[in-house]
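Enquirer: Kindly return the folded structure for what I paste below:
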Amino acid sequence: MAVVRALIVGCGSHGGEVLLPAALTAGIQPVGLVDTDLDKAKALAEQWGVPHAYGCLDEAPTLHLDAAIIALPVALHAGHVAWAIGKDLHVFVEKPPATDLAQLRDLVGQVDAADRVCAVGMNFRCAEGVQELLRRLDTGRHGQPTYVRVVQVARKPLQPFGPGLSMEASLFYAQGIHAIDLALTLAPAATAISGQRVRVNRGRLCVVVGEDHDSGTRIEASFGSSAAGLYHELDVFCDSGDLLSLRNLSELLYLPGGGQPDVADYPGARVLWRRSPTNVGYTAAGYATELAAFKARVLGEPDPAGGRAAILTDLLPAYHAFDQLLTSWEVPWTS
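Expert: You can find the predicted model right below:
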């Protein structure tokens, strides 16, 4: 069996506690951990049976590596992706891969020139509930999505993610990138982008609207940091009149359109799927599936995510939409 040998760069709460076990679940072989906190890297290496731990990239040999898995503070992602591409490695990088649209375009150019795979994680495309919804759409029985509404609110950020990063951009990095990307993935025809900053007493709340009058499609993505915890809604209205509604990534409802033959028997909502109470954490959120899809792309094997896991170029529409909003608000990505 072919193996993907990876260096995990960043052993914080996401790199060390989520991506490391998720990579093992996906069949990727971590051969080294890198973190400026060398003691933490060594402890994780011992816990998970990873043979090497390093305090900086310069110490890590790359000759026999296939990939780098990167999970660092936002402002460091692009530079480390460029480093990995320069070492001829494939890359899996946590969202956001870049701090603004220009930086993302530059990274896409580097990745294309090097002919490497660069996947992006943690955007809910591969979450179990979203995959169930997509499977229903793939049957064709509901018709085509024409109106998609996504809500993602959480308790952070309340402060910019780092020096020089604006609060609006930080909100996009944490919550907006998920919501906008998911909406555009399900209903990509959205040529006119507008939006609003909504007043809330805690944190921030933004709404992005995308419309295409010729095709009669619309998306709405609401995201913010005003909630006590993560709350997620995904509603997909189809041209058949059907509504598929996913609540908190854990329950999928089907509300039939008026023309469906079974409406006379029962016009109410049908529960199509519920997440198992034992299926929590990185598997339910889709991280293991994203990494398995990354491995398949690197090896040229069948993709377990059916091509839905994001690669770098897939995020250009979400970045472009938010860039349009920032321009209209006269707010920069960086402060």
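Enquirer: From now on I want contacts and neighbour counts done on CA atoms only, so please keep to that.
Expert: Will do.
Enquirer: Surely H77 and W83 touch.
Expert: No: at 9.9 Å, H77 does not count as touching W83 under the criterion of CA atoms under 8 Å.
Enquirer: For this structure, name the helix or strand with the lowest mean pLDDT.
Expert: Lowest mean confidence among the helices and strands of the chain (mean pLDDT, DSSP states H and E): helix 282-285, at a mean of 72.
Enquirer: In the helix or strand following that one, which residues are buried?
Expert: Counting by DSSP states H and E, the next helix or strand C-terminal to helix 282-285 is helix 287-299. By neighbour count on 16 or more other CA atoms under 10 Å, the buried set for helix 287-299 is 287-298.
Enquirer: in which helix or strand would I find the nearest residue to N248 once chain neighbours are set aside?
Expert: Excluding the flanking residues, the one nearest N248 by CA to CA, 6 or more residues apart in numbering is H232, at 4.5 Å. Assigned by DSSP H and E, H232 belongs to strand 231-238.
Enquirer: In contact with the residue nearest to N248, which residues are there?
Expert: Residues near H232 by CA atoms under 8 Å, 6 or more residues apart in numbering: 150-153, 247-249.
Enquirer: What of V9?
Expert: If you count contacts by CA under 8 Å, 6+ apart, then V9 has 15, 33-35, 68-72 around it.
Enquirer: what separates the one helix or strand V108 maps to from the chain centre, distance-wise?
Expert: Assigned by DSSP H and E, V108 belongs to helix 101-114. Offset of helix 101-114 from its chain centre (CA atoms, centre = their mean, to the nearest Å): 18 Å.
Enquirer: Then stretch 50-62?
Expert: Distance, centroid of stretch 50-62 to centroid of chain: 27 Å (CA atoms, centre = their mean).
Enquirer: try stretch 147-161
Expert: Mean-position distance between stretch 147-161 and its chain equals 13 Å (CA atoms, centre = their mean).
Enquirer: low-scoring stretches of the stretch 151-300 of the chain, by residue?
Expert: Applying pLDDT under 70 to the stretch 151-300 of the chain flags residues 280-283.
Enquirer: The stretch 51-200 of the chain: strands as residue ranges?
Expert: For the stretch 51-200 of the chain, applying DSSP state E, counting those that start in this stretch gives strands covering 53-54, 67-70, 90-94, 118-121, 145-153, 192-198.
Enquirer: so which of the ones you listed gets nearest G268?
Expert: Each of the strands of the stretch 51-200 of the chain has some distance to G268 by CA to CA; the shortest is strand 145-153, at 20.4 Å.
Enquirer: Relative to the closest one, what are the paired strands and their orientations?
Expert: Strand 145-153 sits in its sheet next to strand 217-224 (parallel), strand 231-238 (antiparallel), going by DSSP bridges.
Enquirer: Adding distance to A179, write these out as JSON lines.
Expert: Converted to JSON lines, the strands paired with strand 145-153 look like this (distance: least, CA to CA, whole Å):
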{"stretch": "strand 217-224", "distance to A179": "5"}
{"stretch": "strand 231-238", "distance to A179": "9"}
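Enquirer: Against L20, how distant is the residue lying closest to H80 once chain neighbours are set aside?
Expert: Spatial nearest neighbour of H80, excluding adjacent residues (CA to CA, 6+ apart): I70 at 7.5 Å. Distance of I70 to L20, given as CA to CA, to the nearest Å: 11 Å.
Enquirer: E46 in helix, strand or coil?
Expert: Assigned with DSSP: H, G, I helix; E, B strand; the rest coil, E46 falls in the helix class.
Enquirer: What is the neighbour count of it?
Expert: For E46, the count of nearby residues is 13 (other CA atoms under 10 Å).
Enquirer: So for L315, which of the strands paired with strand 145-153 sits nearest?
Expert: Nearest to L315, of all the strands paired with strand 145-153, is strand 217-224, at 15.1 Å by CA to CA.
Enquirer: Touching the closest one from outside, list them.
Expert: Outside strand 217-224, the residues that touch it by CA under 8 Å, 6+ apart are 145-156, 171, 175-176, 179-180, 183-184, 187, 189-190, 203-212.
Enquirer: go again using 7 Å as the cut-off
Expert: Residues outside strand 217-224 that contact it (CA atoms under 7 Å, 6 or more residues apart in numbering): 146-154, 171, 175-176, 179-180, 183, 187, 189-190, 204-212.
Enquirer: Please list all residues in contact with V200.
Expert: Residues in contact with V200 (CA under 7 Å, 6+ apart) are S226.
Enquirer: Good, wrapping up.
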